[in-house]
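Engineer: Here is the input, now give the coordinates:
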Amino acid sequence: MEEKLKKFTGEIMQVPPLYSALKRNGQRLSVLLKQGQKVEAKPARPVTVHRLSLKDFSPPLFTLDIECGGGFYVRSLVDDLGKELSSSAHVRELTRTKQGQFTLEHALHEEHWTVEHISHSLKEPPGLPAASDGSGEMEMDPYPAVRSESDHEEPASSSRHPEREPHPDTGAQSEAGGLPSREKNLA
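Structural biologist: Here you go, the predicted model:
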């Protein structure tokens, strides 16, 4: 498997999944599909995989660690990897570990989903130095960085800050664009 992963590192051509945020005539392909309309796959496009490694392999499940550029679809990679292995594979769990300068350490835990915490976090993200009080020294943010208590990380969609960098082609957030991801329990 590790040998096959090398084929998916660097600049590769990737066909985006039909169920995605990509649009045709201003409407998401996924919405058109749900309406029963025939939708053709978008053509393959170049994407970049900076780093791709196998973190765990417990057949039939495996975990990947991926650092990729914008416009990258993890579901497409996993599907292509399954085909390369003369089998099939799908994503069972996806954790977005970084988006731009933000990491899971900047994520706001669910118990802090209050107007006060969210407002403060949008002004000064947790874990980053807060504005100076005039003394010349930086203060640390009073809201602690999030640390996972177990090996299970919260899904990125429910635990991270809102997207701050839109996808360069569509203006929308992409599934895994411009970030490292940790794939868990792929089969």
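Engineer: longest helix of the protein?
Structural biologist: Scanning the chain for the helix with the most residues, using DSSP state H, yields helix 74-84.
Engineer: Only C-alpha atoms, please: export that one in PDB.
Structural biologist: Once non-C-alpha atoms are left out, helix 74-84 reads as follows in PDB (Å, rounded to 0.1, in the frame of the first residue of the first chain):
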ATOM      1  CA  VAL A  74     -10.000  13.200  -0.100                       C
ATOM      2  CA  ARG A  75     -12.900  11.100  -1.300                       C
ATOM      3  CA  SER A  76     -11.500  11.100  -4.800                       C
ATOM      4  CA  LEU A  77      -8.100  10.100  -3.600                       C
ATOM      5  CA  VAL A  78      -9.400   7.200  -1.500                       C
ATOM      6  CA  ASP A  79     -11.600   6.000  -4.400                       C
ATOM      7  CA  ASP A  80      -8.600   6.200  -6.800                       C
ATOM      8  CA  LEU A  81      -6.400   4.400  -4.200                       C
ATOM      9  CA  GLY A  82      -8.900   1.600  -3.900                       C
ATOM     10  CA  LYS A  83      -8.900   1.100  -7.700                       C
ATOM     11  CA  GLU A  84      -5.100   1.200  -7.800                       C
END
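Engineer: Against which helices or strands is it packed?
Structural biologist: The elements that helix 74-84 packs onto, with contact taken as 3 or more CB pairs under 8 Å, 6 or more residues apart in numbering; DSSP states H and E, are helix 2-5, strand 10-14, strand 61-68, strand 180-186. Every residue, glycine included, has its C-beta placed from N, CA and C.
Engineer: In that helix, which residues are buried?
Structural biologist: 74-81 (16 or more other CB atoms under 10 Å).
Engineer: by contact count, what packs against the helix or strand following that helix?
Structural biologist: Secondary structure here is assigned by DSSP states H and E; on that basis, the next helix or strand after helix 74-84 toward the C-terminus is strand 93-96. In this structure, strand 93-96 makes packing contacts with helix 156-159, strand 180-186, judged by 3+ CB pairs under 8 Å, 6+ apart.
Engineer: angle of the longest helix of the chain against strand 61-68?
Structural biologist: 120 degrees (axes from the mean of the first three to the mean of the last three CA atoms, to 10 degrees).
Engineer: Could you tell me the angle between helix 74-84 and strand 10-14?
Structural biologist: Taking the same axes, to 10 degrees, helix 74-84 and strand 10-14 form an angle of 90 degrees between their directions.
Engineer: quick one: contacts for the spatially closest residue to Leu85 that is not a sequence neighbour?
Structural biologist: What sits nearest to Leu85 in space, not counting adjacent residues and going by CB to CB, 6 or more residues apart in numbering, is Lys4, at 6.0 Å. The contact partners of Lys4, by CB atoms under 8 Å, 6 or more residues apart in numbering, come to 81, 84-85.
Engineer: give me that answer again for 10 Å
Structural biologist: Going by CB atoms under 10 Å, 6 or more residues apart in numbering, Lys4 touches 54, 80-81, 84-85.
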